[in-house]
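# Quick one, what's the 3D model for this:
(chains A and B)
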Amino acid sequence: MTSEGASAVKVVKERAAAVAAYLVVALGFYMLSLVLPPFMSGLRMPGLPDPVARFDWLFWAFLFLLAFVFTATAIYEALRMLDPLFNMLSSKFGSAVRPGKRIARDIAYALLVALTAIALAPFTEPLGQAAPLARALIGVGTLLILLFLLYDAAKTIYAYVRERIEEAVAKLAR
Amino acid sequence: MDPTKYLLGYALVVLLAVSEAFPMSLSALIGAALLVAFGVSDGVISFGEALSFVDLELLALLVGVMIVVEVVDRCGTFRYLALKVVRKVLKRPALLLTATGLLSALTSLLLSDEAALLLIVAILLSLGKAGGFDPIPFAVSSAIMVNLGGTGTLVGSVPNMAIGIRAGFSFPEFASYLLPCEFALYGVTLALLYLYYRRKLQSSGGEAELEEIEVSSVDVAKGAFLLSLMLSLLIAAGIADFPASAAALASAMVALALSGFDTLEVFQRLDWDTVFFTASFTVIIGALERVEALKGLALWLQEAAGGSLALVSLLVLLVSGVASLLLPNLIVALSFIPVIEDLPFADKRPLWSSLVLGSNLGGVGLPVSSFVIVMTIGALKREGYEIDPWAVTRVGIPMTVAWLAFSAIYLLIRFGLL
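Predicted structure coming up:
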């Protein structure tokens, strides 16, 4: 395994553990949000409208918010885990090229995958009853690859634009 | 028949080739496979028909010329002549610029642009290393002249072969339409290059020395003979109304038999990428023609020019010239061929000539469209010279504009379109 590959595996292992931990905590808070608030039903703050006057609702909202924050963190960590995987895959297609060329390649590969799917679809007819399944598999496979390529193109555009903006800001600050 | 997916297949090939995702040949093979699959499933093309779209006459001409040129190159003829000429004018910068420029253009009449440039730039760099000599103006000029060279003959470039074969031009006929324009452009270009670089040209001051020529005179003579034979056979084929491809293949056979070089080694060094690209791309164009996807461009040209042959010719020159700025010129030439065939003019010589000039002359404006620019900059940088990546473009863009403007005037006069 290359050093790039080994470090990617390490990052994936670390992030996967973090994702699992955050999800467990989020699930815990969600369970608490279902169990604990009924114990406070009947307690109300005077002079405020529903539902903010109800202590059970306020407590539920607090626990649910915590569950939401930890879920969002788990999603963020999952994306961070996917990045090295995407980088490993996209390096196979030549990530060491200029951003413009990389975006052009991503678009070309996306077009290639989409056109290949269109070209293959009619040739599934002889499969008889298995044809719809074959077409569905082609469709799902195409969609997954397209999502990966579009993600890579978007990431490249974001990195490029951000770099240019940072450069411009640094120039202006001088 | 909705041609959208066929046009997207064509766009895919262009995108794959321009982004260098795959070699040109593989890009075109993928595109051809997709378009044939579309055609078969839509019932408009059979696989056998798709194979018949491959232009075998063009491939025979291409491979025949490649074999002869490879053999002549191995004989050392081009290198010997180049060193001889450069040695004569070493101490006179203006003459050196003219000589290296002309050598670049004339060599690229027969060698590929890349091979011609490598030959001249290698000599210029060895001159630069030898002492106090700035090779940048000479190398940039050579890149520009290499792009110009090969415009005027049937075998000067692959686009020329493709256009010439489909137009039915013989070697002499092709040269009679376009060689005068090419020679005139040599003069215009060298004058402009001299004006641009006159303050930067330096003499070697007698210090620079060129390496010894290590080729046998027998090999040089053999190469010169084979080259002359090919040109004579091509001219004779034109006069006798015989296919140019047959003359090229005959010359190739003689070259392989007489040279004594290992035939398989010669075959290995041929530019198969271009051969397979050309074969596959003709299938793509054939499929596009079958679904009438290119008719729109022909109609647009005709309507935009109001049916005037002069205006359509100038539009073809302009559109193909601009397209060649952005795309490989072989793609431009092959794409425009069916468009010209669709145009309803009895005399299409001005249109074919416009396409030859447009597709050949547009390629030096931007690094993305011209491998010779990238090669020149790379070679200079490897030798430690500081060169701005846009140095060639700054000269190339105005030069392209001047070439296209000159060519427009030439076409109007040559074909009596005024």
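# so which strand or helix has the closest residue to B:K88 other than its chain neighbours?
For B:K88, ignoring the flanking residues on the chain, the nearest one in space by C-beta to C-beta, 6 or more residues apart in numbering or on different chains is B:A99 at 7.6 Å. Where you see a C-beta, it was placed from the backbone N, CA and C, and this is true even at glycine. Assigned by DSSP states H and E, B:A99 belongs to helix B:93-108.
# got the angle between the helix or strand just after that helix and helix B:93-108?
With elements assigned by DSSP H and E, the helix or strand that comes after helix B:93-108 is helix B:113-130. Relative orientation of helix B:113-130 versus helix B:93-108 (axes from the mean of the first three to the mean of the last three C-alpha atoms, to 10 degrees): 150 degrees.
# list the helices and strands helix B:113-130 packs on?
Applying 3 or more C-beta pairs under 8 Å, 6 or more residues apart in numbering or on different chains; DSSP states H and E, one finds that helix B:113-130 contacts helix B:77-88, helix B:93-108, helix B:136-148, helix B:371-382.
# Report the inter-axis angle for that helix versus helix B:136-148.
Going by the same axes, to 10 degrees, helix B:113-130 makes 170 degrees with helix B:136-148.
# tell me the mean pLDDT over helix B:113-130?
Over the span of helix B:113-130, the pLDDT mean works out to 76.
# and the lengthiest helix in chain A, how far from the chain's centre?
Scanning chain A for the longest helix, with DSSP state H as the assignment, gives helix A:131-173. With C-alpha atoms, centre = their mean, to the nearest Å as the basis, helix A:131-173 stands 12 Å off its chain's centre.
# what about it and chain B, any contact?
No: Helix A:131-173 lies apart from chain B when judged by C-beta under 8 Å from any C-beta of the partner chain; the minimum separation is 11.7 Å.
# Name the residues of chain A found near chain B, please.
Contact residues, chain A versus chain B (C-beta under 8 Å from any C-beta): A:93-94, A:97, A:101, A:104-105, A:107-109, A:111-112, A:115-116, A:118-120, A:122-123.
# Run through the chain and note the low-pLDDT ranges.
No chain was given, so I picked chain A. Scanning chain A for pLDDT under 70 picks out A:1-6, A:86-96.
# oops, chain B please
Across chain B, the ranges flagged by pLDDT under 70 are B:129-133, B:202-215, B:365-371, B:389.
# repeat that for 80
B:1, B:87-91, B:109-115, B:118-119, B:122, B:125-134, B:200-216, B:363-384, B:386-393 (pLDDT under 80).
# residues from it in reach of chain A?
Chain B comes close to chain A at residues B:5, B:8-9, B:11-12, B:15-16, B:18-21, B:30, B:34, B:37-38, B:41, as judged by C-beta under 8 Å from any C-beta.
# ok but A:L48 is inside a helix, no?
No: in this structure, A:L48 is coil, not part of a helix, as judged by DSSP: H, G, I helix; E, B strand; the rest coil.
# So what does it have for phi and psi?
phi -120, psi 150 (degrees, to the nearest 10).
# With B:V155 instead?
phi -100, psi 10.
# By neighbours, which of the residues of chain B next to chain A wins?
B:G9 (28 neighbours; other C-beta atoms under 10 Å in any protein chain shown).
# any idea how far chain B is from the residue nearest to the spatial centre of chain A?
Note on chain A: the residue nearest the mean C-alpha position is A:L79, at 4.7 Å, using C-alpha atoms, centre = their mean. From A:L79 across to chain B, the span is 26 Å (C-beta to the nearest C-beta, to the nearest Å).
# And that residue, how far from A:Y160?
Distance, A:L79 to A:Y160, using C-beta to C-beta, to the nearest Å: 19 Å.
# now swap in B:E49 and tell me
In terms of C-beta to C-beta, B:E49 sits 45 Å off from A:Y160.
# From the recorded domain assignment, give the ranges for chain B.
Domain assignment for chain B by automatic domain parsing gives B:1-52+B:272-291, B:135-207+B:294-418.
# TSV please, covering the ones you listed and showing distance to A:A168.
Output for those, formatted as TSV (distance: least, C-beta to C-beta, whole Å):
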stretch	distance to A:A168
domain B:1-52+B:272-291	27
domain B:135-207+B:294-418	21
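# of those domains, which approaches B:F78 most closely?
domain B:135-207+B:294-418 (12.3 Å; C-beta to C-beta).
# Helices of the stretch 201-350 of chain B, start to end?
Applying DSSP state H, counting those that start in this stretch to the stretch 201-350 of chain B gives helices spanning B:217-239, B:244-259, B:263-268, B:272-290, B:295-304, B:309-326, B:329-342, B:349-361.
# Could you list the buried residues of the second one?
Across helix B:244-259, burial judged by 16 or more other C-beta atoms under 10 Å in any protein chain shown covers B:244-252, B:254-256, B:259.
# The third one now?
Applying a neighbour-count criterion of 16+ other C-beta under 10 Å, the buried positions in helix B:263-268 are B:V266.
# And that helix, how far out from the chain middle?
Counting by C-alpha atoms, centre = their mean, helix B:263-268 comes out at 23 Å from the chain centroid.
# Got the domain ranges for chain A?
Using automatic domain parsing, chain A is parsed into the domains A:1-92, A:93-174.
# Adding distance to B:V332, write these out as CSV.
Formatted as CSV, the domains of chain A follow (distance: least, C-beta to C-beta, whole Å):
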stretch, distance to B:V332
domain A:1-92, 31
domain A:93-174, 18
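# Compare the ones you listed and report which one is nearest to B:F276.
In terms of C-beta to C-beta, the element of those nearest to B:F276 is domain A:93-174, at 18.0 Å.
# Which elements pack onto the biggest helix by length in chain B?
Criterion DSSP H: the longest helix present in chain B is helix B:171-197. Other helices and strands packing on helix B:171-197, by 3+ C-beta pairs under 8 Å, 6+ apart, are helix B:93-108, helix B:136-148, helix B:217-239, helix B:349-361, helix B:391-414.
# Is B:P159 in contact with B:A333, as I believe?
Yes: between B:P159 and B:A333 a contact is recorded at 3.5 Å, counting by C-beta atoms under 8 Å.
# joint contacts of these two?
B:V356, B:S359 (C-beta atoms under 8 Å, 6 or more residues apart in numbering or on different chains).
# Which residue would you name as the spatial centre of chain B?
B:S157 (3.4 Å).
# what about B:L95, how many residues close to it?
13.
# ugh, typo on my part, it should be B:E57
Around B:E57 there are 14 residues (other C-beta under 10 Å).
# Can you name the residues that contact it?
By C-beta under 8 Å, 6+ apart, the contact set of B:E57 is B:I165, B:P243, B:S245.
# Tell me the spacing between it and chain A.
Distance of B:E57 to chain A, given as C-beta to the nearest C-beta: 29 Å.
# what's the spacing between that residue and B:A405?
From B:E57 over to B:A405 the distance is 34 Å, taken as C-beta to C-beta.
# same deal with A:W60?
Using C-beta to C-beta, A:W60 is found at 77 Å from B:A405.
# Among the domains of chain B, single out whichever gets nearest to B:K84.
Among the domains of chain B, domain B:135-207+B:294-418 comes nearest to B:K84, with 16.6 Å by C-beta to C-beta.
# Run the chain-centre distance for that closest one.
Relative to the centre of its chain, domain B:135-207+B:294-418 is centred 9 Å away, using C-alpha atoms, centre = their mean.
# just to revisit the earlier point, tell me the one of the contacts of B:E57 nearest chain A?
Of all the contacts of B:E57, B:I165 has the smallest distance to chain A: 29.6 Å, by C-beta to the nearest C-beta.
# pretty sure the closest one contacts B:A244?
Yes: if you go by C-beta under 8 Å, B:I165 and B:A244 touch, sitting 7.5 Å apart.
# Quickly list what's touching both of these two.
By C-beta under 8 Å, 6+ apart, the residues touching both B:I165 and B:A244 are B:L61.
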